[in-house]
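J.: This is a predicted model, with the sequence first.
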Amino acid sequence: MTSLRSASAALPPIRAALTRSKKESIRRELDSCQMLAGIWCHGLTVRQLQSIRASLPSSSKLLVAKNSLVEKAIEGTKWEALKPCAKGMNAWLFVHSDEIPPAIKPYRDFQKEWKLALNDFTGAVYEGRLYGPDDFQALETMPTRMESYRFLLGCLQSPAVSLLGLLQTKTQEEGGAEVAATDAEKN
């Protein structure tokens with residue numbers, strides 16, 4: 001049987017290993033991440049956090065981690081601008097696609113449903129830029145990839161349709177002039 005003294009001496013290496021493992025897990029999430037956002041989650045229950053996780057798209061993941069671990073994991077990366085937001089009780093939203101509005105919407109819906117105005121986003125980093133809590137409207141209203149493709153296709157299609165209409169009109173005018181010339185020759 002081991003004494004309490006020898007058991008407690010073994011705890012720091014175990015804690016360090018767990019901390020290292022959690023930090024590495026956060027780093028792996030950051031590798032393919034397009035956006036990282038902090039959500040102030042003070043007072044949220046485990047069941048509420050599970051509900052949020054269940055409503056997120058498959059390309060997003062919500063983690064609850066110590067701010068110090070997140071700070072260490074983002075140190076020296078493009079996510080480092082988010083360090084000032086790592087205060088208080090946070091959950092971290094990792095978005096692994098460029099479909100940002102669909103990733104944010106489930107939490108906004110949850111906020112409205114539960115009337116949690118104070119539990120807001122603390123900040124986010126997207127494309128190297130830090131978005132504060134007041135800047136989230138820009139992220140929420142940005143077009144999705146499909147909307148961007150539709151717009152681009154419309155921009156490309158419009159001149160082609162105009163050119164085709166012009167060519168058809170020109171062909172009809174020339175065809176009408178030929179008919180008139182043929183009628184004049186017959187008379």
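T.: That came through, no problem. In this text the structure is predicted, and so the values were computed from the model without any measurement. Numbering: from 1, shown residues only.

J.: Find the helix or strand that Asn43 is a member of.
T.: Heads up, residue 43 is Gly, not Asn. Using DSSP states H and E, Gly43 sits within no helix or strand.

J.: out of everything not next to it in sequence, what's closest to it?
T.: Ranked by Cβ to Cβ, 6 or more residues apart in numbering and with sequence neighbours excluded, the top spatial neighbour of Gly43 is Asn119, at 7.1 Å. Backbone N, C-alpha and C define where each C-beta goes, glycine included.

J.: quick check, the one you found in a helix?
T.: No. Applying DSSP: H, G, I helix; E, B strand; the rest coil, one finds Asn119 to be coil, outside a helix.

J.: Neighbours of it, how many?
T.: Asn119 has 20 neighbours, counted by other Cβ atoms under 10 Å.

J.: Give me the distance between it and Gln48.
T.: Separation of Asn119 from Gln48 (Cβ to Cβ, to the nearest Å): 9 Å.

J.: okay, now Pro133: neighbour count?
T.: Neighbour count of Pro133, defined by other Cβ under 10 Å: 13.

J.: Touching, it and Ala124? I think so.
T.: No. Taking contacts as Cβ atoms under 8 Å, Pro133 lies outside contact range of Ala124: 9.2 Å.

J.: what about the closest residue to Gly128 other than its chain neighbours, how many residues close to it?
T.: Closest residue in space to Gly128, ignoring its immediate chain neighbours: Lys78 at 5.5 Å, by Cβ to Cβ, 6+ apart. Using other Cβ under 10 Å, Lys78 has 14 other residues around it.

J.: Is Lys78 in contact with Arg129, as I believe?
T.: No. Assessed by Cβ under 8 Å, Lys78 is found out of contact with Arg129, at 10.0 Å.

J.: center of the protein - which residue?
T.: The centroid of the chain falls nearest to Ile100 when counting by Cα atoms, centre = their mean (2.8 Å).

J.: distance of that residue from Gly128?
T.: 14 Å.

J.: got the contact list for the nearest residue to Gly88 once chain neighbours are set aside?
T.: Distances taken as Cβ to Cβ, 6+ apart put Trp40 closest to Gly88, at 5.8 Å, once the chain neighbours are dropped. Shown in contact with Trp40 (Cβ atoms under 8 Å, 6 or more residues apart in numbering): 88-90, 118-122.

J.: Hmm, Leu82 and Leu130 touching each other?
T.: Yes. Applying Cβ under 8 Å, one finds Leu130 in contact with Leu82, separated by 6.6 Å.

J.: out of those two, which sits in the busier spot?
T.: Shown here are Leu130 and Leu82; by other Cβ under 10 Å, Leu82 has more neighbours (23 against 16).
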